[in-house]
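J.: Fold the following, please.
(chains A and B)
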Amino acid sequence: MTELLRVARVDKTFAAPPRFGDGLLRLIGRAPRRAALRAVSDVSLDMTRGEALGLVGESGCGKSTLGRVIAGVHPQSAGRVLLDGAPVTDAAGMKTTTRVQMVFQDPFASLDPRMRVGDGLAEGPLAHGLTTRAGARDYVGAWLDAVNLPREAAGRYPHQFSGGQRQRIAIARALAMQPDLIVCDEPVASLDVSIQAQIINLFLDLRRRLGLTMIFISHDLSVVRHVCDRIAIMYLGRIVELGPGAEIFAQPRHPYTRALIDSAPRLALDDATAVFRPIEGELPSPLNPPSGCAFHQRCPRAQARCRGERPEMRTIEAGREVACHDPL
Amino acid sequence: MSAPLLEVRDLRTEFRTRAGALRAVDGVSFSVGQGEIVGLVGESGSGKSVTGFSILGLIEPPGRIAAGSIRLEGRELVGLSHRALRGVRGRRVAMVFQDPAATLNPLLTIGRQMRLALSAHQALGAEAARARCLAALRQVGIPDPEARLDSYPHQFSGGMRQRVCIAIALINEPRLIVCDEPTTALDVSIQAQILSEMRKLVRETGVSLIWISHDLAVVSALADRVMVMYAGRIVERGPTRETLRAPRHPYTAGLLASLPAAIPPGAPLSQIAGSPPSLIDAPPGCAFAPRCPRAAEPCRAEPPWSEDGARAARCHFPLEAGAP
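T.: Alright, predicted model coming up:
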């Protein structure tokens, strides 16, 4: 297995947006100091070619930001993102490679409504010399075949397609750039259950046929478990648990992972399973994260140490890492 | 058995479009008893939300209730004047929407919004009104309600905002609350908190809920009875867990089979072929037939209800009990 992606100690902070009056304050020497939002903190992970990694967590945990940093959409604030040993963004924060592509959640927003599907699919490959004007038609056709859309789709506009078909178009557009890695940010979250199954099957099929390496970002544990080999659970900007999906589901080691699995709704077929097991409390604000372990206020196992000292990610058995002082 | 709290008969709600009348709800009948949680499940465009909006009299032109009857506590709501409806809405039946950020007024404190909802129906003194607001906030599990009355919506998290919306729905002590995907926009840990509180609320106050959702798992754990909608019609209904254990309608069975949890990781999911039909000029017969693995010649005619105790499916070839 060859290593494809290396994410080493990546941070991503967003400066607070400027507010009305900041300039005036600065003029009189009282520039406001506002906390920057640290969306991703000290994340490290590796991926081998052909692997599918799931990034899971609640809203605000940093999973989408991490996905975008890996895809070179946002430059990281610290640390390194290397694809085959080469950085994904240059010193100025510009993306340097077309070998990572993204698929977004909402196919109604991610496709240009005024561009024919075929033109939209050919735009990137033409700009980067992956095809020629003369060959574009066949090139686009082949990628439409890959996502099980008819070739006639190329001549139509996005609004003529249903949500599931549009997501297929968005996937074809990412694939047409012949990436080594695709980052899919909640690609099935806005689809109906029956359509969701079609798209998940498409991903499974593409993985098998093209040997796709994939990061799959989702809040839905059952979807990630189905599609991915390994899963990273994030909480408040950090990965708190990382390991093979089957093992994490069978035996989570971080109390947050356990709580997240328990609170996810599952089909209840008798009264005994028709119970809700919520996690106490609310997600803390990433602008003002708690001291020590970010989960300690909601954790049933929290001790004095968890309040003061942040647990580092450590390997507790082969292939499994967890950031907890007292893992399950 | 006493008369049900809500009785909907042959409801038909249409929207006028350039292409013709779009029949969003096409002959829906059901009832809701006191203290009951009824799940209304379906995919987008199945008519589940329009059914909820119709009950509240919230269908605006170009939409209209073309036919049918909606009786709440024995009183007919279809055809009521705007003025008369306003006396019912919020008082006898309330609604909670999917997006609490869009439901609340960002410029008013939540205390003020709650008092407005209260004063629309009841004349209470300042002290009594405040006490009622605090009680409603406590009922939905908002900590420290005295301090939160003077907060603005943006000072609440998404989950807390939805609790405020539920508190506002509760404030006039309605008999029925129509909940339209109220936890869909929330994280699972917060969703589980709200679901368990809703169940407690129903037990304590005897209010009835219509819970509209696309999420079978949520409905399976919450609802006493479930109704599955497809293309504007109810295609299956029955006690929730019994129905989901052994569905009779092929559409319900297809939905259940397409859940990732149903099979081992990595295996292809069972999928329902095709996509939902257009609701304009729908051909007669079963709307699901073009996607149905069991479809045959008779499916071109209107499918009959096949009833079996509390359960019923609208299908020419319902699945047998115990069949996969």
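J.: wait, what's in contact with B:Ser29?
T.: By C-beta atoms under 8 Å, 6 or more residues apart in numbering or on different chains, B:Ser29 lies in contact with B:Val8, B:Arg9, B:Asp10, B:Leu11, B:Ile234. The way it works is simple: take the backbone N, C-alpha and C, and place the C-beta from them, glycine included.
J.: any idea which of these is closest to A:Ala268?
T.: Nearest to A:Ala268 among the contacts of B:Ser29 is B:Ile234, at 21.3 Å by C-beta to C-beta.
J.: got the phi/psi numbers for the closest one?
T.: Phi and psi for B:Ile234, reported as degrees, to the nearest 10, are phi -80, psi 120.
J.: do A:Pro265 as well
T.: Dihedral pair for A:Pro265: phi -70, psi 140, per degrees, to the nearest 10.
J.: Can you tell me how far it is from A:Leu221?
T.: 10 Å (C-beta to C-beta, to the nearest Å).
J.: got the contact list for the spatially most central residue of chain A?
T.: Centroid-nearest residue in chain A, with C-alpha atoms, centre = their mean: A:Ile217, separated by 3.3 Å. Residues in contact with A:Ile217, defined by C-beta under 8 Å, 6+ apart, are A:Gly54, A:Leu55, A:Val56, A:Lys63, A:Ser64, A:Gly67, A:Val183, A:Cys184, A:Asp185, A:Glu186.
J.: secondary structure element for the fifth one?
T.: A:Ser64 is part of helix A:63-70 when elements are defined by DSSP states H and E.
J.: what's that helix packed up against?
T.: Applying 3 or more C-beta pairs under 8 Å, 6 or more residues apart in numbering or on different chains; DSSP states H and E, we find helix A:63-70 packed against strand A:3-14, strand A:37-48, strand A:52-56, strand A:100-103, strand A:181-185, strand A:213-218.
J.: If you tally nearby residues, what's the number for B:Glu73?
T.: 15 (other C-beta atoms under 10 Å in any protein chain shown).
J.: How about A:Ala318?
T.: Using other C-beta under 10 Å: A:Ala318 sits among 7 other residues.
J.: give me the low-pLDDT residue ranges for the stretch 1-150 of chain A?
T.: Along the stretch 1-150 of chain A, the model assigns pLDDT under 70 to residues A:1, A:31-33.
J.: What residues does it have near chain B?
T.: A:Glu58, A:Ser59 (C-beta under 8 Å from any C-beta of the partner chain).
J.: where do the contact lists of A:Pro265 and A:Leu221 overlap?
T.: Shared contacts of A:Pro265 and A:Leu221, counting by C-beta under 8 Å, 6+ apart, come down to B:Val188.
J.: which of those two has more neighbours?
T.: Between A:Pro265 and A:Leu221, counting by other C-beta under 10 Å, A:Leu221 is the more crowded of the two (24 against 21).
J.: Could I get the contacting residues of the more buried one?
T.: Residues in contact with A:Leu221, defined by C-beta under 8 Å, 6+ apart, are A:Val56, A:Phe249, A:Leu260, A:Ile261, A:Ala264, B:Val188.
J.: Would you list the buried entries among those residues?
T.: Neighbour-count burial (16 or more other C-beta atoms under 10 Å in any protein chain shown) is assigned, among the contacts of A:Leu221, to A:Val56, A:Phe249, A:Leu260, A:Ile261, A:Ala264, B:Val188.
J.: and the two most separated of the residues you listed?
T.: Using C-beta to C-beta, the pair of these lying farthest apart is A:Phe249 and B:Val188, separated by 14.6 Å.
J.: Which one of the contacts of B:Ser29 is nearest to chain A?
T.: B:Ile234 (17.5 Å; C-beta to the nearest C-beta).
J.: Next, count neighbours for the closest one.
T.: Residues near B:Ile234, counting by other C-beta under 10 Å, number 28.
J.: Near chain A, which residues of the stretch 101-250 of chain B are found?
T.: B:157-160, B:187-193, B:195-196, B:199, B:214-218, B:220-222, B:241, B:244-245.
J.: Any chance of JSON lines for the contacts of A:Ile217, columns distance to B:Val50?
T.: What follows is the contacts of A:Ile217, written out as JSON lines (distance: C-beta to C-beta, whole Å):
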{"residue": "A:Gly54", "distance to B:Val50": "36"}
{"residue": "A:Leu55", "distance to B:Val50": "36"}
{"residue": "A:Val56", "distance to B:Val50": "34"}
{"residue": "A:Lys63", "distance to B:Val50": "34"}
{"residue": "A:Ser64", "distance to B:Val50": "32"}
{"residue": "A:Gly67", "distance to B:Val50": "36"}
{"residue": "A:Val183", "distance to B:Val50": "37"}
{"residue": "A:Cys184", "distance to B:Val50": "32"}
{"residue": "A:Asp185", "distance to B:Val50": "31"}
{"residue": "A:Glu186", "distance to B:Val50": "27"}
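J.: For those, work out which two are farthest apart.
T.: Pairwise distances across those peak at 14.2 Å for A:Val56 and A:Val183 (criterion: C-beta to C-beta).
J.: The contacts of B:Ser29, buried ones only, as a ChimeraX selection?
T.: The buried residues among the contacts of B:Ser29 can be selected in ChimeraX (16+ other C-beta under 10 Å) with this line:
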select /B:8,11,234
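J.: Out of the buried ones among the contacts of A:Leu221, list just those in helices.
T.: A:Phe249, A:Leu260, A:Ile261, B:Val188 (DSSP state H).
J.: pretty sure the third one contacts A:Pro252?
T.: Yes: here A:Ile261 lies in contact with A:Pro252, judged by C-beta atoms under 8 Å, at a distance of 6.0 Å.
J.: Quick check: A:Arg34 touching A:Phe14?
T.: No: look at A:Arg34 against A:Phe14 with C-beta under 8 Å: they stay out of range, at 11.2 Å.
J.: what's the neighbour count on A:Ala109?
T.: Residues near A:Ala109, counting by other C-beta under 10 Å, number 10.
J.: residues contacting B:Ile37?
T.: Taking C-beta under 8 Å, 6+ apart as the criterion, B:Ile37 is in contact with B:Met198, B:Arg199, B:Val202, B:Ser208, B:Leu209, B:Trp211, B:Leu222, B:Ala223, B:Asp224, B:Arg225.
J.: Please identify the next secondary structure element, helix or strand, after the strand or helix carrying the first one.
T.: In this case it means B:Met198. Element membership of B:Met198, judged by DSSP H and E, is helix B:188-205. Counting by DSSP H and E, the next helix or strand C-terminal to helix B:188-205 is strand B:208-213.
J.: how about the following helix or strand past that next one as PDB, C-alpha atoms only?
T.: Sequence-wise, the next helix or strand downstream of strand B:208-213 (DSSP H and E) is helix B:216-222. Taking Å, rounded to 0.1, in the frame of the first residue of the first chain, the C-alpha atoms of helix B:216-222 are listed here in PDB:
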ATOM      1  CA  LEU B 216     -37.900   6.400   9.300                       C
ATOM      2  CA  ALA B 217     -35.600   5.800  12.200                       C
ATOM      3  CA  VAL B 218     -36.900   8.900  14.100                       C
ATOM      4  CA  VAL B 219     -40.500   8.000  13.400                       C
ATOM      5  CA  SER B 220     -40.000   4.400  14.300                       C
ATOM      6  CA  ALA B 221     -38.900   5.300  17.900                       C
ATOM      7  CA  LEU B 222     -41.400   8.200  18.400                       C
END
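J.: and the angle for the following helix or strand past helix B:216-222 with strand B:208-213?
T.: Heading C-terminal from helix B:216-222, the first helix or strand you meet, by DSSP H and E, is strand B:225-230. On the basis of axes from the mean of the first three to the mean of the last three C-alpha atoms, to 10 degrees, strand B:225-230 is oriented at 40 degrees to strand B:208-213.
J.: And strand B:225-230, how far out from the chain middle?
T.: Chain-centre distance of strand B:225-230: 10 Å, with C-alpha atoms, centre = their mean, to the nearest Å.
J.: Who are the packing partners of it?
T.: Helices and strands touching strand B:225-230, by 3+ C-beta pairs under 8 Å, 6+ apart, are strand B:37-41, strand B:233-239, helix B:240-245, helix B:250-257.
J.: Pick the most deeply packed of those.
T.: When the helices and strands packed on strand B:225-230 are scored by mean count of other C-beta atoms under 10 Å in any protein chain shown, the highest mean neighbour count falls to strand B:37-41 (a mean of 26).
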